[in-house]
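>>> Provide a 3D model corresponding to the input given below.
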Amino acid sequence: MGVRSRLWREGRLVETDFPLEDLDVHLSTPGELVWLDVCMAGGAHADLLEELADELQLDRHAVEDAVAPGERPKATRHEKHLFVSVYATRIAPRTTIGHERHDSRLESSRISAFVLRQGLVTVRRDDRFDMDQVTRRWDEDPELLQAGVGALLHGLLDVVVDGHFETIQHLDDSIEELEDLLFAENAQPQFVQRDSYRLRKELVELRRVVLPMREVVNAVMRPNERLMDRRGPLDGYFEDLYDHVLRAAEWTESLRDMVGSIFETNLSLQDARLNTVMKKLAGWAAVIAVPTAVTGWFGQNVPYPGFQTTLGLVQSVVAMVIGTVGLYVLFRKKDWI
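The predicted structure is shown next:
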């Protein structure tokens, strides 16, 4: 559904998908609270957003930021509203045939919100984020909605931050699996290296989304009498949300360090395996050199004891066997071969 709406009166849901012509009336009626969601997947409803911008006196720069690609998470205050832009994240399953192992699985979907005195207008550039999660969160505590539009904004941000935690937990589990694979007997270094690169790439992308959330929530927590009443009952909710944002940022940073450590450890293990291979090759080369030296000595074109006799053959065979077996036993004791 491209456009959705809800109307609450004194914290009680009274209407869904009301006519947009009544939006301005509801926003100016005391005791009423409005939510309007516009999904612009495929470029739809661009005209509607322009009409809303004119009707609600939305800042033109904020409207441009809501539809422009690549905007960073932020919260900015304008004369008539507060503009908030955040990203929801998830780890996409690998279902595409031929999907490269080193490709990032992280998917992000931006949600922009215009926070008005008695309403919240959300704008999405795609439909990958499920807004039903947000509406269910609002329905879980309808009494909180009596606190006003701040409760709607908190519910939205809380769902987004919970999604960040789920993404981080998924990456943490992937890192633990990679650590177990790192020291496995049948470990394949090229897979470990590719997975390390992919995880580091995903964490860099996630870091760009998670870290700015501290500034977003901090800006929202600052009171603004023109847009939201002093939060009162919402103070604890926003403080808890800010604590979750800090934990998500710290967790992301620690995982980034862990992936870097795994990448370096894998390179060190590859060097150690290469040294072991070179040591074994050198040991076998020394063993093989014994019969080569013996045959070279007895292959001289000058007379020597046992020259052109059975005794000479016996001497060469005994020398080769004793030298080869002796070096083999010595190198086996030293674990060189």
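
>>> For the stretch 51-200 of the chain, which segments are assigned as helices?
60-67, 132-140, 149-182, 189-210 (DSSP state H, counting those that start in this stretch).

>>> Can you say which of these is nearest to residue 104?
Residue 104 lies closest to helix 189-210 among these, at 5.1 Å (C-beta to C-beta). The C-beta positions use only the backbone N, C-alpha and C, and glycine is treated the same way.

>>> Which positions in that closest one come out as buried?
Across helix 189-210, burial judged by 16 or more other C-beta atoms under 10 Å covers 192-193, 195-196, 198-203, 205-206, 209-210.

>>> What of stretch 54-65?
56, 58-59, 62-63, 65.

>>> Run through who's touching it.
For stretch 54-65, contacts defined as C-beta atoms under 8 Å, 6 or more residues apart in numbering pick out 23-24, 27, 49-50, 52-53, 71, 76, 78-81, 83, 85, 112, 114, 116, 121.

>>> and it, what's its mean pLDDT?
For stretch 54-65, mean pLDDT is 91.

>>> Please state the offset of that stretch from the chain centre?
Here stretch 54-65 shows a centroid-to-chain-centroid distance of 32 Å under the convention C-alpha atoms, centre = their mean, to the nearest Å.

>>> so how far is the first residue of it from its last?
Stretch 54-65 has its terminal residues 16 Å apart, counting by C-alpha to C-alpha, to the nearest Å.

>>> burial count for the closest residue to residue 93 other than its chain neighbours?
Nearest non-adjacent residue to residue 93, counting by C-beta to C-beta, 6 or more residues apart in numbering: residue 105, 7.9 Å away. Look at residue 105: counted by other C-beta atoms under 10 Å, it has 18 neighbours.

>>> Likewise for the one 10 residues further on?
Using other C-beta under 10 Å, residue 115 has 24 neighbouring residues.

>>> Okay, and the beta partners of it?
Per DSSP bridges, the residues bridged to residue 115 are residue 82, residue 120.

>>> ok, now how distant is it from residue 41?
Shown here: residue 115 relative to residue 41, a distance of 23 Å by C-beta to C-beta, to the nearest Å.

>>> For residue 34, what is the enclosing helix or strand?
strand 32-39 (DSSP states H and E).

>>> quick one: strands adjacent to that strand?
Assessed with DSSP bridges, strand 32-39 is paired to strand 3-9 (antiparallel), strand 119-124 (parallel).

>>> CSV for these, including distance to residue 162 and mean neighbour count?
Below are the strands paired with strand 32-39 laid out as CSV (distance: least, C-beta to C-beta, whole Å; neighbours: other C-beta atoms under 10 Å):
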stretch, distance to residue 162, mean neighbour count
strand 3-9, 21, 18
strand 119-124, 17, 24
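
>>> In TSV, list these along with distance to residue 161 and mean pLDDT.
Shown next, in TSV, are the strands paired with strand 32-39 (distance: least, C-beta to C-beta, whole Å; pLDDT from 0 to 100):
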stretch	distance to residue 161	mean pLDDT
strand 3-9	22	92
strand 119-124	16	94
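
>>> Make TSV out of these and add distance to residue 37.
Formatted as TSV, the strands paired with strand 32-39 follow (distance: least, C-beta to C-beta, whole Å):
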stretch	distance to residue 37
strand 3-9	4
strand 119-124	5
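
>>> what's the closest of those strands to residue 221?
It is, among these and with distance given as C-beta to C-beta, strand 119-124, at 16.6 Å.

>>> Point out where the chain drops to low pLDDT.
1, 94-102, 187, 223-231, 287, 293-294, 296-313, 331, 335-337 (pLDDT under 70).

>>> need the longest helix for it.
Taking DSSP state H as the criterion, the chain has its longest helix at helix 235-298.

>>> what distance separates it from the middle of the whole chain?
22 Å.

>>> Next, the angle from it to helix 189-210.
160 degrees (axes from the mean of the first three to the mean of the last three C-alpha atoms, to 10 degrees).

>>> which other helices and strands contact whichever helix or strand comes after helix 235-298?
Once the chain leaves helix 235-298, the next helix or strand it forms, by DSSP H and E, is helix 310-333. Judged by 3 or more C-beta pairs under 8 Å, 6 or more residues apart in numbering; DSSP states H and E, the packing partners of helix 310-333 are helix 235-298.
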